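Colleague: I'd like to go over a predicted model; first the sequence, then the structure.
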Amino acid sequence: METPEQMMVRVSPRHELLLAPEYAQLIQHPPEHDFVMRTITRREANGLQLMSAEMVIAGKDTRKEFPLAAEFPMHFRKTYFPGRLRGDPSVEFANQQRASEVLGAPPPIGFTKDTFRSCFVPGKPYSRLTPFGIEPVENNVQVAEEINLATAVGLWSLCGQAFASLVKLHEAGMVHGDMELHNIAVAPAPVEAVLIDFELAKWQKEVSGAEWEKLVKADFTELLKEAVYLQCALGRQPGPLADMAMERLADLFPSPGRFERHIRRQAAA
């Protein structure tokens, strides 16, 4: 039960989190500068810090500079340091804005020459939910044999959502550019799979036709592998995700025959 000391805070247009009292106070009475709640990742090279990604509660200065920071005071902040190998906050902002318009992904909040801010999806990355992805890849067949039906069905539904989002993004003339499973955020309320982190996204108008086709194909690769593993558990499924996964079996795996045979046997079981 919610207590008076706790607070529900909006972290995106569709998502809320229940904050502990010590954090709730900072929402209502912000400090002068951002308060770092949690460091998500740091990127370094030869002892030189290049990038940090953090969950923050916006300070007074941030809320004054970015109107959306006042509406979503708890948000994601990425900071780039001198010597960084990549990362342009203005480009990342534009990419996130377009993804938000097309997919309903978390909208960006703002950027400076060395920072990028965005709303976020509370939940877990898909990569932490799936039991697949072990090496050698053929061993995922055994994992599929042991997974329970409810889990397989739930993961298949999430993959279907992510696939539909990718298709929609491509139709809008944009590729994700880093479509690993950890860049699919799974939210519990409402239950949904949301594509995140568009730092490396590319626009169709910026590349050649051949390069575009290559990028689109790469965007689907990890999701299609997951679809194959799940069909090893469930049997052959209908629809465009399953169809594409089966069509690309030879591209996805060095020994596609084992997966194809197991999926066929599973469907007949």
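Modeller: Ah, there it is. Residues are numbered from 1 along each chain as shown.
Colleague: For Arg86, give me the pLDDT.
Modeller: pLDDT for Arg86: 62.
Colleague: do the same with Gln6
Modeller: 88.
Colleague: Tell me the secondary structure of Phe51, please.
Modeller: Not quite, residue 51 is Met, not Phe. When classified by DSSP: H, G, I helix; E, B strand; the rest coil, Met51 comes out as strand.
Colleague: Distance of the nearest residue to it once chain neighbours are set aside relative to Arg128?
Modeller: The shortest distance from Met51 to any non-neighbouring residue, by C-beta to C-beta, 6 or more residues apart in numbering, is to Arg43 (4.1 Å). Just so you know, the C-beta spots here come from the backbone N, C-alpha and C atoms, and that holds for glycine as well. Arg43 sits 20 Å away from Arg128, going by C-beta to C-beta, to the nearest Å.
Colleague: So between the two, which is more surrounded?
Modeller: Between Arg43 and Arg128, counting by other C-beta atoms under 10 Å, Arg43 is the more crowded of the two (17 against 10).
Colleague: pretty sure that one is touching Thr79, no?
Modeller: No. With contact defined as C-beta atoms under 8 Å, Arg43 does not count as touching Thr79 (10.4 Å).
Colleague: quick one: common contacting residues for those two?
Modeller: The contact sets of Arg43 and Thr79 overlap at 51-52 (C-beta atoms under 8 Å, 6 or more residues apart in numbering).
Colleague: Now Ile134: which helix or strand?
Modeller: Assigned by DSSP states H and E, Ile134 belongs to no helix or strand.
Colleague: how about Val186, secondary structure?
Modeller: Assigned with three-state DSSP, Val186 falls in the strand class.
Colleague: Assess the claim that it and Pro125 are in contact.
Modeller: Yes. Between Val186 and Pro125 there is a contact at 7.2 Å, judged by C-beta under 8 Å.
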